[in-house]
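*Asks:* Next come a sequence and a model predicted from it.
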Amino acid sequence: MSAVAQLVDTSASAEAELTDGFHLVIDALKLNGIETIYGVPGIPITDLGRMCQAEGIRVVSFRHEQNAGNAAAIAGFLTKKPGICLTVSAPGFLNGLTALANATTNCFPMILISGSSEREIVDLQQGDYEEMDQLAIAKPLCKAAFRVLHAADIGIGVARAIRAAVSGRPGGVYLDLPAKLFSQVMDAEAGAKSLVKVIDAAPAQIPAPSAITRALDVLKSAKRPLIVLGKGAAYAQADETIRQFVETSGIPYVPMSMAKGLLPDTHPLSAGAARSTALKDSDVVLLIGARLNWLLSHGKGKTWGEPHSTKFIQIDIEPREMDSNVEIVAPIVGDIGSCVQALLDGLGKASWQGAPSDWTETLKSKKEANIAKMATKLGKNSTPMDFHSALSALRTVIKERPDAILVNEGANTLDLARGVIDMYQPRKRLDVGTWGVMGIGMGFAVAAAIETGKPVLAVEGDSAFGFSGMEVETICRYNLPVCIVIFNNNGIYRGTDTDPTGRDPGTTVFVPGSRYDKMMEAFGGVGVNVTTPDELKRAVDAAMDSGKPTLINAEIDPAAGSESGNIGSLNPQSVVKKKN
Ligand SMILES: CC(C)(COP(=O)(O)OP(=O)(O)OC[C@H]1O[C@@H](n2cnc3c(N)ncnc32)[C@H](O)[C@@H]1OP(=O)(O)O)[C@@H](O)C(=O)NCCC(=O)NCCSC(=O)C(=O)O
């Protein structure tokens, strides 16, 4: 159904078919296959949301823009289409901006559409309602930013935003729509003609044959080759090509957190459980959609076994990624599917012998030793629960339900879940990503349920949950199959810190014995409090079977947990002792 408005043009005394900014925005989004919008209603976009809904676009209204933005961002990751977040001006826009910046950092395609105040007043700084130069503020925090001033340009504006979000390296895009634009009227036929359907928004980028030959030559020279799969590889949806390349080459691989499950973590070539050894001792590393940022120790130092030098081959769609931290001896610029396919085609021609068996055996025995060590911790069944005993229950849940989506954030809750919970399918693990940001939980959970229709298990530290916790109301309102498990140890890292002066609670502790499950009950969802791994497993199974919104408060020993999980070394500590 067309969103053309039937209005009467009194000046022409004849009835003319007209459209306006509202309808043109909706038509432009629909023309480009946008089916869902995440947002928070308010001035000046309240009617836009209502009208989108009336026109068949699903509009998911949140309680805070940051969560709506995170939902849009992860929708982009899961679907390769830009996730749309709709916010009001100034404060709403700023609330959404954190998610936009995070999406850009993580290379998730997303468009933040914000209403804004009148240009004439903003530019003269005359104090309009929610006055702010949003375009200027958004620009440095996203991949591209556009403002549309005339209804006739809405089609082009939306098209530019879509193409910018998904082409090349994906990222966040800001689209500024001033309030006045929505009520601008134009001839409906001319309006329809002004719309643009984006053709081939993310075209394949084929790598140069010479880059493939160079990379294969380097790989052939390797004695201890390794593949690192990043979330870019998961985003690419080239799952079968990547699996074939790994298996044909016989090269062990380490998945980054959100690449877990691209091949099952139980795959014989997975070296995830021998991560340190694999990174330290490898001599040639093929990075597929993984950047040499802090999560990979910038490609240097002890992690990479310096002084021995590692040779890096890197596949990335962004040429400037190459040599960003260390020399890349064989850069392959292109989209991941095309690049890995070209490497796979080249393997046969390169008379590939497979990875040397002494290397694969070394990793295998290290992996087996680590798995055995972990099995001891998982089997402890301690009371009160520690992280491992609680996670062992959730590990079984995902093993039994491999198509469920795992959302995960926290410090210890994140770090330990990453190792303990094996993933079996691509794009099933969604977490804090490149920034290690807290607050993605409920936004990711909502979008994962909506975009995939699969059950979602959100494993949350009690602190992490607090950043988006109000969205349990959203989860109940839309009746989503989301089961939230809160690892409640009464604080950030742990719940035992104190104020040395005795005046206040310690800076990292929360109300002891909080019952987060009661929050869920307040909105009609199911709330459960559990104290043992068996109770936890039963409660999660019941939630997954029923599909009812559920929050399980899992009581964890307040003394369990360590500072900053396993990235505590990044936390500066004062060396100055204060004299009394
Ligand atoms: C930087 C990292 C990529 C690297 O961590 P590492 O500790 O080196 O690796 P992993 O966590 O993958 O693995 C830890 C160890 O477990 C082993 N391992 C992994 N999987 C398994 C299984 N299945 N079985 C047995 N052992 C396993 C792995 O080989 C390592 O052992 P060895 O091989 O023997 O070493 C990761 O820590 C990470 O993604 N961190 C992000 C953290 C984050 O963003 N936190 C939020 C911050 S906010 C916050 O908390 C704050 O502000 O404070």
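*Replies:* Alright, I've got the coordinates. These numbers were taken from a predicted model, which means no experiment stands behind them.
*Asks:* how about low-confidence regions in the stretch 451-580 of the chain?
*Replies:* 564-566, 579-580 (pLDDT under 70).
*Asks:* just the strands in it please.
*Replies:* 456-461, 482-488, 526-530, 550-555 (DSSP state E, counting those that start in this stretch).
*Asks:* chain center to the second one, what's the gap?
*Replies:* The gap between where strand 482-488 is centred and where its chain is centred comes out at 18 Å by C-alpha atoms, centre = their mean, to the nearest Å.
*Asks:* Give the burial count for residue 286, as a bare number.
*Replies:* 29 (other C-beta atoms under 10 Å). For glycine as for every other residue, the C-beta is placed from the backbone atoms N, C-alpha and C.
*Asks:* For residue 277, find the nearest of the strands of the stretch 451-580 of the chain.
*Replies:* Closest approach to residue 277 among those (C-beta to C-beta): strand 456-461, 27.1 Å.
*Asks:* Let me know the angle separating that closest one from strand 550-555.
*Replies:* For strand 456-461 against strand 550-555, the angle between stretch directions is 30 degrees (axes from the mean of the first three to the mean of the last three C-alpha atoms, to 10 degrees).
*Asks:* Can you read off the pLDDT for the spatially most central residue of the chain?
*Replies:* With distances taken as C-alpha atoms, centre = their mean, the chain has residue 74 as the residue nearest its mean C-alpha position (4.7 Å). Looking at residue 74, its pLDDT is 99.
*Asks:* Going forward, count from 88.
*Replies:* Okay, using 88 as the starting number, the last item reads as residue 161.
*Asks:* Can you tell me the closest non-neighbouring residue to the residue of the stretch 388-537 of the chain found nearest the ligand?
*Replies:* Residue nearest to the ligand within the stretch 388-537 of the chain (C-beta to the nearest ligand atom): residue 523, separated by 2.5 Å. With sequence-adjacent residues excluded and distances taken as C-beta to C-beta, 6 or more residues apart in numbering, residue 523 is closest to residue 654, at 7.2 Å.
*Asks:* Look at the closest residue to residue 385 other than its chain neighbours and give its secondary structure.
*Replies:* For residue 385, ignoring the flanking residues on the chain, the nearest one in space by C-beta to C-beta, 6+ apart is residue 412 at 4.3 Å. Going by DSSP: H, G, I helix; E, B strand; the rest coil, the secondary structure assigned to residue 412 is coil.
*Asks:* Quick check: residue 412 touching residue 382?
*Replies:* No: the pair residue 412 and residue 382 fails to qualify as a contact (C-beta atoms under 8 Å) at a distance of 11.5 Å.
*Asks:* Quick check: residues of the stretch 388-537 of the chain near the ligand?
*Replies:* Neighbours of the ligand within the stretch 388-537 of the chain, by C-beta under 6 Å from any ligand atom: 457-458, 461, 498, 501-502, 505-506, 519, 523, 525.
*Asks:* if you set the cut-off to 5 Å instead, what comes out?
*Replies:* The stretch 388-537 of the chain comes close to the ligand at residues 457-458, 461, 498, 506, 519, 523, as judged by C-beta under 5 Å from any ligand atom.
*Asks:* Only alpha carbons, please: show the helix or strand where residue 500 lies as CSV.
*Replies:* Using DSSP states H and E, residue 500 sits in helix 499-507. What follows is helix 499-507, C-alpha atoms only, in CSV (Å, rounded to 0.1, in the frame of the first residue of the first chain):
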residue,chain,number,x,y,z
ASN,A,499,34.1,-12.2,34.8
THR,A,500,30.7,-13.2,33.5
LEU,A,501,31.9,-12.4,30.0
ASP,A,502,35.4,-13.7,30.2
LEU,A,503,34.5,-17.0,31.7
ALA,A,504,31.4,-17.6,29.6
ARG,A,505,33.5,-17.0,26.5
GLY,A,506,35.7,-20.0,27.3
VAL,A,507,33.2,-22.2,29.0
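*Asks:* Next up, the contacts around residue 216.
*Replies:* Neighbouring residues of residue 216 by C-beta atoms under 8 Å, 6 or more residues apart in numbering: 130, 176, 204.
*Asks:* If we use 10 Å, what do you get?
*Replies:* By C-beta atoms under 10 Å, 6 or more residues apart in numbering, residue 216 lies in contact with 130-131, 176-177, 204-205, 208, 266.
*Asks:* Could you find the lowest-pLDDT member of those residues?
*Replies:* Among those, residue 205 has the weakest pLDDT, 90.
*Asks:* Run the angle between the helix holding residue 500 and strand 569-575 for me.
*Replies:* Between helix 499-507 and strand 569-575, the angle comes out at 110 degrees (the same axes, to 10 degrees).
*Asks:* Give the other helices and strands that helix 499-507 contacts.
*Replies:* Applying 3 or more C-beta pairs under 10 Å, 6 or more residues apart in numbering; DSSP states H and E, one finds that helix 499-507 contacts helix 444-465, helix 474-487, strand 492-496, strand 516-518, strand 543-548, helix 549-553, strand 569-575.
*Asks:* 7 Å instead?
*Replies:* helix 444-465, helix 474-487, strand 543-548 (3 or more C-beta pairs under 7 Å, 6 or more residues apart in numbering; DSSP states H and E).
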